[in-house]
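> Here's my sequence, what's the structure:
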Amino acid sequence: MEVSTNTHLVVNGNAHLVVKDGRFINNGIFQSGNGTVTLLGSASAANSAIGGDSISVFHNLKINKNNNGSPLTQNIQVDNELQMSDGYLDLNGFNLTLGSAAGQIQGETSTAFITGTNGGEIIKTLNVNAPNNLNPGNIGASITSSANLGNTTVRRGHSPQMINGTSGVRRYYNISPTNNSNLNASLRLTYFDHELNGLVEANLEPWRNKGAYWENYPVNSSDAATNYVETTNIDSFSLWTLGHGSLKLLVKAFLEGPYNTTNTSMNDALRTGGALPTTEPYTALNYTLKEGIGSSTSSAVLSTTGNNAIVDWLMLELRDASNPTVIVTSCPVLLQRDGDIVGLDGTSEVRFSRAAAASYYLVLKHRNHLGIMSANPIALNGQLGALIDFSDPNMSVYTLGTSPPLKSENGVMLLWAGDANGDGTINATDTNTEWRPQNGQPYIYMTSKADMNMDGTVNAVDINLFWRINNSKQTQLPSN
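Numbering: from 1, shown residues only. This next block holds a predicted model:
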């Protein structure tokens, strides 16, 4: 059977038009009234299309296709309910608009669903003010925010997005509010198991497209049984999807300057003295950051005491496995007293969001210590691997020339202190251009780089204990 309107088809009142094992083709004018059009039966998708020359506007549209589907061959609009009972609606490169305030999807499940791997989107526009777990049109993206987002359009598509060279799930959401700043929002993204696209469900994390790159957001809550992942602390919206998490690392290292051989930890005098900045310093110091530029930690993180107290900011790089002069990505991190290197929340593992799962050389840099690099590429992915411990004498590190790459202190390996000007060599330049002008002057974190023991003062201790002993040491990093 085929319902084909080449002139004028009117569904009066609450009438119910059933199309069994056939197509709905509109080449003229279709008026849906308050009625329902149902596509019923087991005919193949090719014989169950919804299309025609004209865009059909339905009041209610019901799909009950006994595990088969109905593809669109034209854009359509549903002003009240798209009722998914069985089978699927294939967007097939066309758009489904949920019109009016009431337009919504009902009954969508893993056996009655909307898809569209060849393109096309579900579109819902709604005025959104201080939403509380609001799911516009039941599209599958639930928003919470105390802000007034104004007129907001949510689009859902099913083409997998490429995230740093890795494909995400077969579902994305593009959220476009009129007011799109300072939202402090949370977002719950839903999906079906058949949309996982080969990804491990337990490893799914939210990703947001920032234009030039994708940014990974942490999982606030998730449930594999009900198929959702939620994240929080969102300032603004754009294109979102789910994919495998960013590259995760457990890293440890000690700096020679603040290291205390008695308790095998580092002093946190810069933190206790209030000298540590909450914003990463490496951009202003002209290091090459590719992630986390201008990012910040919190005063609460810098208030932590004990072994997890923050000693200073560090910078980590991932370098190409076939050419270690090429920096693939880099980010600022925090160093704890016990040598653990953590994210900017002060506790989580290090994460890189702009690199695909692969093997990389790992580089560690500090503003007045010589940098160091792993001797071999390290395989990284969305799973936490073994601890990468630069303080372990058994770890192989990259070596250039005759300078020892690390200092050994009672079997603990330390990064050499003394490179106050950050040029990769400890020599007279560090003394003349950094230590002499700073000696005895008021301490300023960004300019008092000759504070080698990191006690918050620049004085004779720094030059006598570190520069004189470490003079002529050189960085062990391939030039880039």
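
> Residue 166 contacts residue 356, correct?
Yes - the pair residue 166 / residue 356 is scored as a contact, 5.5 Å apart, by C-beta atoms under 8 Å. The C-beta positions use only the backbone N, C-alpha and C, and glycine is treated the same way.

> Find the residue at the geometric middle of the chain.
Residue closest to the mean C-alpha point of the chain, counted by C-alpha atoms, centre = their mean, is residue 216 at 0.5 Å.

> Quick one: residues contacting that residue.
205-207, 245-246, 351, 353 (C-beta atoms under 8 Å, 6 or more residues apart in numbering).

> how close does it get to residue 241?
Look at residue 216 and residue 241: by C-beta to C-beta, to the nearest Å, they are 11 Å apart.

> Outline the domain layout of this structure.
Using automatic domain parsing, the domain parsing of the chain gives 2-244, 247-470.

> Quick one: these as CSV, columns for mean pLDDT too.
Converted to CSV, these look like this (pLDDT from 0 to 100):
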stretch, mean pLDDT
domain 2-244, 92
domain 247-470, 94
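
> Could you dump the ones you listed into CSV with distance to residue 478 added?
Formatted as CSV, these follow (distance: least, C-beta to C-beta, whole Å):
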stretch, distance to residue 478
domain 2-244, 24
domain 247-470, 5
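
> okay, stretch 359-378 in PDB with CA atoms only?
Extracted in PDB, the C-alpha atoms of stretch 359-378 (Å, rounded to 0.1, in the frame of the first residue of the first chain):
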ATOM      1  CA  SER A 359      53.300   5.400  21.600                       C
ATOM      2  CA  TYR A 360      55.100   8.700  22.500                       C
ATOM      3  CA  TYR A 361      58.300   9.900  24.200                       C
ATOM      4  CA  LEU A 362      57.400  11.500  27.500                       C
ATOM      5  CA  VAL A 363      59.200  14.800  28.400                       C
ATOM      6  CA  LEU A 364      59.100  16.600  31.700                       C
ATOM      7  CA  LYS A 365      60.200  20.200  32.000                       C
ATOM      8  CA  HIS A 366      60.500  22.700  34.900                       C
ATOM      9  CA  ARG A 367      61.200  26.400  34.900                       C
ATOM     10  CA  ASN A 368      64.600  26.200  36.600                       C
ATOM     11  CA  HIS A 369      65.600  22.500  36.400                       C
ATOM     12  CA  LEU A 370      66.900  20.600  33.300                       C
ATOM     13  CA  GLY A 371      64.300  18.700  31.400                       C
ATOM     14  CA  ILE A 372      64.300  14.900  30.900                       C
ATOM     15  CA  MET A 373      62.800  12.500  28.400                       C
ATOM     16  CA  SER A 374      62.000   8.700  28.500                       C
ATOM     17  CA  ALA A 375      64.600   6.600  26.600                       C
ATOM     18  CA  ASN A 376      61.800   4.800  24.700                       C
ATOM     19  CA  PRO A 377      58.300   5.600  23.400                       C
ATOM     20  CA  ILE A 378      55.600   4.700  25.900                       C
END
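
> buried stuff in it?
360-374, 377-378 (16 or more other C-beta atoms under 10 Å).

> which residue ranges form the helices in this protein?
Ranges of helices in the chain, per DSSP state H, are 269-272, 428-429, 436-438, 460-462, 468-470.

> out of those helices, deepest packed?
With neighbours defined by mean count of other C-beta atoms under 10 Å, none of the helices of the chain is more surrounded on average than helix 269-272, at a mean of 18.

> Extract the CA atoms of that helix and return them as PDB.
Listed next in PDB are the C-alpha coordinates belonging to helix 269-272 (Å, rounded to 0.1, in the frame of the first residue of the first chain):
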ATOM      1  CA  ALA A 269      57.800  26.400  50.800                       C
ATOM      2  CA  LEU A 270      56.600  28.300  47.700                       C
ATOM      3  CA  ARG A 271      53.100  27.100  48.500                       C
ATOM      4  CA  THR A 272      53.200  27.800  52.200                       C
END
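
> quick one, what contacts residue 404?
Under the criterion of C-beta under 8 Å, 6+ apart, the contact list for residue 404 reads residue 473.

> phi, psi of it?
Dihedral pair for residue 404: phi -60, psi 130, per degrees, to the nearest 10.

> correct me, but residue 209 touches residue 161?
Yes - look at residue 209 against residue 161 with C-beta under 8 Å: they come within range, at 7.4 Å.

> The two: which is more packed in?
Neighbours were counted for residue 209 and for residue 161 using other C-beta atoms under 10 Å; residue 161 has more, 20 against 16.

> I figured the more buried one hits residue 239, correct?
Yes - between residue 161 and residue 239 there is a contact at 7.5 Å, judged by C-beta under 8 Å.

> what's the overlap in contacts for the two?
The overlap between the contact sets of residue 161 and residue 239 (C-beta under 8 Å, 6+ apart) consists of 172, 209.

> on that earlier part again, what is the nearest of the contacts of residue 216 to residue 275?
Distance to residue 275 across the contacts of residue 216 (C-beta to C-beta) is lowest for residue 351, with 26.5 Å.

> Quickly note the distance from the residue nearest to the closest one when sequence neighbours are not counted to residue 213.
Distances taken as C-beta to C-beta, 6 or more residues apart in numbering place residue 246 nearest to residue 351, at 4.3 Å, with adjacent residues excluded. With distances taken as C-beta to C-beta, residue 246 is found 12 Å from residue 213.

> Comparing those two, which residue is more hemmed in?
Neighbour count, other C-beta under 10 Å: between residue 246 and residue 213, residue 246 has more, with 28 against 15.

> The more buried one: what's it in contact with?
For residue 246, the contact set (C-beta under 8 Å, 6+ apart) comprises 205, 216, 351-353, 382.

> quick one: residue 406 and residue 374 touch, right?
No - if you go by C-beta under 8 Å, residue 406 and residue 374 don't touch, sitting 12.0 Å apart.

> Which residues are in contact with each of these two?
Residues touching both residue 406 and residue 374 (C-beta under 8 Å, 6+ apart) are residue 397.

> Could I get the full set of strands for the stretch 151-300 of the chain?
With DSSP state E, counting those that start in this stretch as the criterion, the stretch 151-300 of the chain has strands at 162-163, 166-167, 172-177, 185-190, 204-209, 214-216, 221-223, 228-234, 239-244, 247-249, 251-252, 259-260, 265-266.

> Packed most tightly, which of those strands would that be?
Among the strands of the stretch 151-300 of the chain, strand 239-244 has the highest mean neighbour count (mean count of other C-beta under 10 Å), at a mean of 24.

> Now do the same contact list for the nearest residue to residue 173 once chain neighbours are set aside.
In space, and not counting its chain neighbours, residue 173 is closest to residue 141: 4.4 Å by C-beta to C-beta, 6+ apart. By C-beta under 8 Å, 6+ apart, the contact list for residue 141 reads 135, 154, 156, 173, 175, 187-190, 240.
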